[in-house]
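Participant: the following comprises the amino acid sequence and a computationally predicted model.
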Amino acid sequence: MKPVGPIPAGYEAIGGELAIGGKRASALVAEAGRTPLFVYSRAHLDARVAQLRTALPKRVGINYAVKANPHLGVIGHMAPLVDGFDIASSGELGLCVAVGIDPARISFAGPGKRDDELEAAIATGVTLNCESAGEAARALAIGQRIGKAPRIAIRVNPSFELKGSGMKMGGGAKPFGVDADKVPDLARHVIAEGSEWRGLHIFTGSQALSADAIIEAQANVLELAANITEDIGHGCPKLNMGGGFGIPYFPGDAPVDLARVGAALGKRVANLPQALADSELCVELGRYLVGEAGVYLTRVIDRKESHGTIYLVTDGGLHHQLAASGNFGTVVRRNYPSAIASHYGAEPTEEVNIVGCLCTPLDRLADAAAMPRAEVGDLVAVFCAGAYGASASPSAFLGHGPAAEILV
Ligand SMILES: *Cc1c(COP(=O)(O)O)cnc(C)c1O
């Protein structure tokens with residue numbers, strides 16, 4: 001038997017079935033018209049933002065990193081809840097504009113921004129988090145050509161990283177950001193060339209569960225931003241401090257101690273270095289905001305036994321849930337939180353392997369998991385599906401097509 005990850009708070013049974021947003025899984029599938037289906041819960045999104053507002057100092061804004069879940073309904077729901085939006089492509093810009101988000105609230109990071117993407121951002125007034133001197137030069141030239149001063153922040157490649165981070169994006173040679181020692185010269189250059197100086201972006205990593213690691217990274221970010229700002233000599237209108245708050249996916253994972261992170265940040269913010277005294281501050285969060293708000297529902301289409309092992313074969317799989325299958329940046333495959341949605345809360349009676357419908361042994365949703373007995377037609381739920389699910393999985397692989405998505 002292998003354990004499954006911890007099921008996030010706020011999911012209950014109604015009539016023996018998993019309910020999301022007060023609706024039974026079977027009713028949600030009927031509403032969507034098919035499985036597989038991602039269900040995103042407004043109540044969970046609201047609750048998570050409220051927890052952050054309570055824990056973090058008032059001075060620190062919350063940005064949503066759209067790449068975690070670019071579903072239009074989710075972006076639209078987040079629009080009045082958070083302060084800013086971080087995008088990583090002109091496609092994501094289009095989605096934000098489509099739901100009516102003011103481009104002045106948007107910043108655009110990511111290496112390899114094309115000229116047409118830079119132009120779209122400059123024309124609409126989005127802040128560019130410039131990733132290199134070359135990109136800054138292209139942005140300045142495009143601004144000249146279209147007669148609009150680009151709003152420029154510089155993404156810093158710091159020399160430290162967020163410890164215990166699932167995905168390292170700072171420290172040493174990186175495609176992301178400008179090496180910290182080169183930032184002041186570049187900043188003075190873009191300011192002298194007439195851009196609107198927007199400040200610094202320092203992202204140190206992702207999926208950290210340790211409050212200590214987050215607290216240490218935030219302290220380092222504030223110190224580095226202050227030093228760079230002093231060196232530039234122009235103030236820092238806005239400091240995007242990065243995020244990296246993780247969510248528990250696997251057995252033994254514990255949630256981030258948000259109260260402790262917020263208290264430590266509160267102390268720092270109350271005693272900011274002079275260089276940052278007037279700076280607007282924000283964190284940028286993706287999975288922490290939306291990950292636990294999503295559930296993936298997939299139907300059992302076959303139940304079979306092979307050499308004594310029971311397989312529940314579902315109509316979903318890694319083409320929607322690459323991360324849950326263990327093929328998105330993990331070294332050792334472990335079980336995501338999962339359950340038989342049709343018998344939610346029932347005692348486990350057997351050990352099963354839950355697999356997807358793709359013709360590859362990589363397509364596994366739960367290995368050797370203890371579950372109540374499920375038959376053909378029953379629904380399986382995979383939790384923590386609100387981030388890096390639908391949009392971060394190879395939905396064209398094997399031709400089954402994308403999953404349905406609804407917001408409840
Ligand atoms: C991916 C990314 C995020 C979001 O990361 P999460 O782990 O989902 O919080 C935030 N900022 C930047 C720059 C990113 O690349």
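Facilitator: Received, thanks. Residues are numbered from 1 along each chain as shown.

Participant: can you give me the neighbour number for whatever residue of the stretch 101-250 of the chain ends up closest to the ligand?
Facilitator: When scored by Cβ to the nearest ligand atom, the stretch 101-250 of the chain has Ser206 as its residue closest to the ligand, at 3.4 Å. Bear in mind the C-beta positions are built from the backbone N, C-alpha and C, glycine included. The local packing count at Ser206 equals 23, with neighbours defined by other Cβ atoms under 10 Å.

Participant: for the stretch 1-150 of the chain, what lies in contact range of the ligand?
Facilitator: Residues of the stretch 1-150 of the chain lying near the ligand by Cβ under 6 Å from any ligand atom: Ala65, Lys67, Ala68, Asp86, Ala109.

Participant: show me what contacts the third one?
Facilitator: Pointing back at Ala68 there. Listed by Cβ atoms under 8 Å, 6 or more residues apart in numbering, the contact set of Ala68 reads Gly286, Arg287, Leu289, Val290, Gly291, Gly386, Ala387, Tyr388.

Participant: which among those gets closest to the ligand?
Facilitator: Top of the list for closeness to the ligand, among these and by Cβ to the nearest ligand atom, is Gly286 at 2.3 Å.

Participant: hmm, back to that, is the residue of the stretch 101-250 of the chain closest to the ligand bridged to anything, and to what?
Facilitator: Each beta-bridge partner of Ser206 is listed here, defined by DSSP bridges: Met167.

Participant: my guess is it meets Gly246, correct?
Facilitator: Yes - Ser206 is within contact range of Gly246, at 7.3 Å (criterion: Cβ atoms under 8 Å).

Participant: format the residues of the stretch 1-150 of the chain next to the ligand as TSV; extra columns: secondary structure.
Facilitator: Compiled in TSV, these are given as follows (DSSP: H, G, I helix; E, B strand; the rest coil):
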residue	secondary structure
Ala65	strand
Lys67	helix
Ala68	helix
Asp86	strand
Ala109	coil
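
Participant: by neighbours, which of these wins?
Facilitator: When these are compared by neighbour count (other Cβ under 10 Å), Asp86 ends up highest, at 28 neighbours.

Participant: ok, back up a step: just flag the most distant two among the contacts of Ala68.
Facilitator: Taking Cβ to Cβ as the measure, the contacts of Ala68 span a maximum distance of 12.4 Å, between Leu289 and Tyr388.

Participant: tell me, which of the contacts of Ala68 make contact with the ligand?
Facilitator: With Cβ under 6 Å from any ligand atom as the criterion, the contacts of Ala68 include Gly286, Arg287, Ala387 near the ligand.

Participant: that concludes my questions; thank you for your assistance.
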